[in-house]
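>>> Sequence first, then the predicted structure, then my questions.
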Amino acid sequence: MSRIGRTPIAIPQGVTVTVSSDVAVVKSSKGELSVVIPEGIKVAVEADTVTVTRANEEKHTKSLHGLVRSLLNNSIIGVTDGFKKTLKLVGTGYRAKAAGQGVELSVGYSHPVLIKAPQGVTLQVEGQDTIYISGYDKQKVGQLAAEIRKVRPPEPYKGKGIRYEDEVVRRKQGKAAA
């Protein structure tokens with residue numbers, strides 16, 4: 001049995017979990033998230049816990065068991081605490097500034113790059129080189145962080161680019177002088 005899948009999930013105060021035939025809905029004052037429950041997986045809600053079980057021992061069902069439990073757990077964490085990612089701009093002249101619901105990046109191109117935040121995700125700029133991405137949906141927060149990083153990923157020779165706060169960029173030596 002899946003070690004992750006069989007662990008029960010505690011439901012904190014102020015969070016409600018409702019399960020219909022194929023969708024689990026997690027609600028709180030911060031927002032509402034839904035998780036699709038695939039065939040062969042059963043979700044049961046007791047007083048203050050959620051348990052995920054599987055109907056059979058097929059390989060496909062086993063692989064979905066831990067996934068559904070993780071998705072439900074991330075939804076519960078998201079509507080209570082939320083998720084946050086931090087990006088750093090490293091490089092001479094690289095800067096970011098808030099622009100309405102999005103962020104405007106100047107990262108060495110001939111034009112500024114404008115990135116808009118999707119529904120449920122907020123962007124904050126601190127100084128000119130730090131971007132905070134926060135929201136209650138882990139997938140949206142991570143996806144937006146990856147899209148911003150993709151504008152100018154860190155390069156290995158000088159280390160310039162947009163990187164996650166805790167990311168370590170392995171540097172290369174470059175050309176040796178003749």
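In hand now; what should we look at?

>>> Could you tell me the end-to-end distance of stretch 152-160?
Chord length of stretch 152-160, first to last residue, is 8 Å (CA to CA, to the nearest Å).

>>> what does stretch 88-95 give?
Stretch 88-95: ends 10 Å apart by CA to CA.

>>> Now that stretch: buried residues?
K88, L89, V90, G91, Y94 (16 or more other CB atoms under 10 Å). Glycine gets a C-beta too; all of them are placed from N, C-alpha and C.

>>> Pull the number of nearby residues for V43.
20 (other CB atoms under 10 Å).

>>> got a list of what it touches?
V19, A24, I37, V50, T51, V52, V68, L72 (CB atoms under 8 Å, 6 or more residues apart in numbering).

>>> Now do the residue lying closest to G102 once chain neighbours are set aside against L144, distance only.
Spatial nearest neighbour of G102, excluding adjacent residues (CB to CB, 6 or more residues apart in numbering): K116 at 4.0 Å. Separation of K116 from L144 (CB to CB, to the nearest Å): 9 Å.

>>> between these two, which one's more packed in?
Comparing K116 with L144 by other CB under 10 Å, the one with more neighbours is L144, at 24 against 12.

>>> after the host helix or strand of the more buried one, next one along is what?
Element membership for L144 (DSSP states H and E) is helix 138-151. Per DSSP H and E, the first helix or strand lying C-terminal to helix 138-151 is strand 161-164.

>>> Counting by contacts, list what that following strand packs against.
strand 83-90, helix 138-151 (3 or more CB pairs under 8 Å, 6 or more residues apart in numbering; DSSP states H and E).

>>> Now that we're looking at E165, what pLDDT does it have?
For E165, the pLDDT comes out at 94.

>>> pretty sure it is touching T86, no?
Yes: look at E165 against T86 with CB atoms under 8 Å: they come within range, at 3.9 Å.

>>> Now do the buried residues in the longest helix seen in the chain.
Ranked by residue count and defined by DSSP state H, the top helix of the chain is helix 59-80. Across helix 59-80, burial judged by 16+ other CB under 10 Å covers 64-80.

>>> Give me the three-state assignment for Q13.
Secondary structure, DSSP: H, G, I helix; E, B strand; the rest coil: Q13 is coil.

>>> Could you count how many residues lie near it?
With other CB under 10 Å as criterion, Q13 counts 7.
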